[in-house]
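Asks: Fold the following and give me the result.
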Amino acid sequence: MSWIIYKHTNTINGKVYIGQTRRTPNERWRNGRGYTFNKNTRFCQAILKYGWNSFDHVILEDNIESQFEANEKERYYISQYDSYSFEHGYNMTLGGDTVSIDSLEKARNSIKQATRNKIDFIFCYELQKIFPNPTIALEYFLNNGFCNNYSHKNPIHRVIDKDDRTCFGYHFCRIINLPTFRPKAKEIANKSKGHKKKLIANSIGAYFSTCASLDGYVDKAYFISPIVDMAGLIENMMKASGVSENELKEKSIIGDLSWDYYVYVKEHPISWKAPTEIIYGSEDKLQSYETVSRFASRFNCGLTVMVGGEHWFHTEKQLRFLDGWLKEKEKI
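Replies: Numbering: from 1, shown residues only. Have a look, this model is predicted:
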């Protein structure tokens, strides 16, 4: 099947979203439900605010024979309509960042191999993607035009190996395989005897911290917009995408959904015992207040809610609130 490039235009404010798909438009769009699994995107927020019927939908080009060409055309139209800017559109990348079917299969096989070999994973904050190793991460960035000036002297391997967190303008961190990370955490804790050990974890980092049982190695923790119910988050994504458990189980991977990972998080419920303070934004679209409040109550955590705060604390007002919260809690 060939690719198409399409445009959604908000009839109220004129803002545009450009996308590409290999599926039929109806299968991709699903009357807006195809975009609402990630409520932190600008386009999803616009759909929820204005309604799907407030958008006009146009196929810009069809019968595109390769993903490389589709990526190039998507980048062209995003530039043409300036839809990457807040003023004119809803795109949150410059385009061409869709992973090919072949790359997905390679990544899936690599993840399986990495799991068997108990090696580390690479997480990119901006793209919210996990890569099984630096080579797969580099391949993804090369294939999708994120690093057109790449040379073999590029620092992506040093980024991962030496904890230099930026590369190509993106931020990376290592997700240590848990069986190898726990002894490392214990070693660090033993070296730090006599010093107060604090953990500050944001979003999915809080979830990984609970999985790694870091509560046994720290004196106090601060969780910022924590993911505390990964299974629930995945189920919400499944519901928003119209994917049933049986369908995911049968196909193993559908888009960003993985049956193996879903089973893992359900079979490994989190626990936490370290003294912890949590800050949560009332406009967080990834975890509900009820979910975070239930976690805080269950594990005796302090909970502060910023009215108007989002999952990512990024505006000047939000960052001032976050900074003040941390300083206040440090005095306790």
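Asks: Show me how this protein divides into domains.
Replies: Under automatic domain parsing, the residue ranges defining each domain of the chain are 3-81, 101-175, 181-228+270-331.
Asks: How many neighbouring residues does the residue nearest to V58 when sequence neighbours are not counted have?
Replies: Beyond its immediate neighbours in the sequence, the residue positioned closest to V58 (C-beta to C-beta, 6 or more residues apart in numbering) is K7, lying 4.8 Å away. For glycine as for every other residue, the C-beta is placed from the backbone atoms N, C-alpha and C. Taking other C-beta atoms under 10 Å as the neighbour definition, K7 ends up with a count of 20.
Asks: about what we covered before: just give me the lowest mean pLDDT stretch among the domains of the chain.
Replies: When the domains of the chain are compared on mean pLDDT, domain 101-175 scores lowest, with a mean of 49.
Asks: any chance you could map the strands in the stretch 201-332 of the chain?
Replies: Here the stretch 201-332 of the chain has its strands, by DSSP state E, counting those that start in this stretch, at 220-224, 253-254, 257-258, 276-281, 302-306.
Asks: Other residues contacting the last one?
Replies: Pointing back at strand 302-306 there. Contacts with strand 302-306, where a contact means C-beta atoms under 8 Å, 6 or more residues apart in numbering, come from 276-282, 289, 292-293, 296, 313, 318, 321-322, 325, 329.
Asks: Now the buried members of those.
Replies: Of the members of the contacts of strand 302-306, the ones counted as buried by neighbours, 16 or more other C-beta atoms under 10 Å, are 276-281, 292-293, 296, 313, 318, 321-322, 325.
Asks: Could I get the residues you listed in a markdown table, plus columns for distance to Y222?
Replies: Formatted as a markdown table, the buried ones among the contacts of strand 302-306 follow (distance: C-beta to C-beta, whole Å):
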| residue | distance to Y222 |
| --- | --- |
| T276 | 7 |
| E277 | 5 |
| I278 | 8 |
| I279 | 8 |
| Y280 | 12 |
| G281 | 15 |
| V292 | 14 |
| S293 | 17 |
| A296 | 13 |
| F313 | 12 |
| Q318 | 16 |
| F321 | 14 |
| L322 | 10 |
| W325 | 9 |
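Asks: Tell me if the residue nearest to V58 really is in a strand.
Replies: Yes. The assignment for K7 (DSSP: H, G, I helix; E, B strand; the rest coil) places it in a strand.
Asks: pretty sure it is touching Y81, no?
Replies: Yes. Applying C-beta atoms under 8 Å, one finds K7 in contact with Y81, separated by 7.1 Å.
Asks: okay, and the common contacts of those two?
Replies: Residues touching both K7 and Y81 (C-beta under 8 Å, 6+ apart) are V16, I18.
Asks: if we can go back for a sec, got the strands of the stretch 201-332 of the chain as TSV, with distance to A206 columns?
Replies: Rendered in TSV, the data for the strands of the stretch 201-332 of the chain read as follows (distance: least, C-beta to C-beta, whole Å):
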stretch	distance to A206
strand 220-224	4
strand 253-254	25
strand 257-258	20
strand 276-281	8
strand 302-306	13
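Asks: residues in contact with the top strand by length along the chain?
Replies: Scanning the chain for the strand with the most residues, using DSSP state E, yields strand 55-64. Applying C-beta under 8 Å, 6+ apart, the set of residues contacting strand 55-64 from outside is 2-11, 18, 25, 29, 32, 47, 70, 73, 77.
Asks: Try it again at 6 Å.
Replies: Residues outside strand 55-64 that contact it (C-beta atoms under 6 Å, 6 or more residues apart in numbering) are 2-11, 70, 73, 77.
Asks: quick one, phi psi at S66?
Replies: Main-chain dihedrals, S66, degrees, to the nearest 10: phi -130, psi 150.
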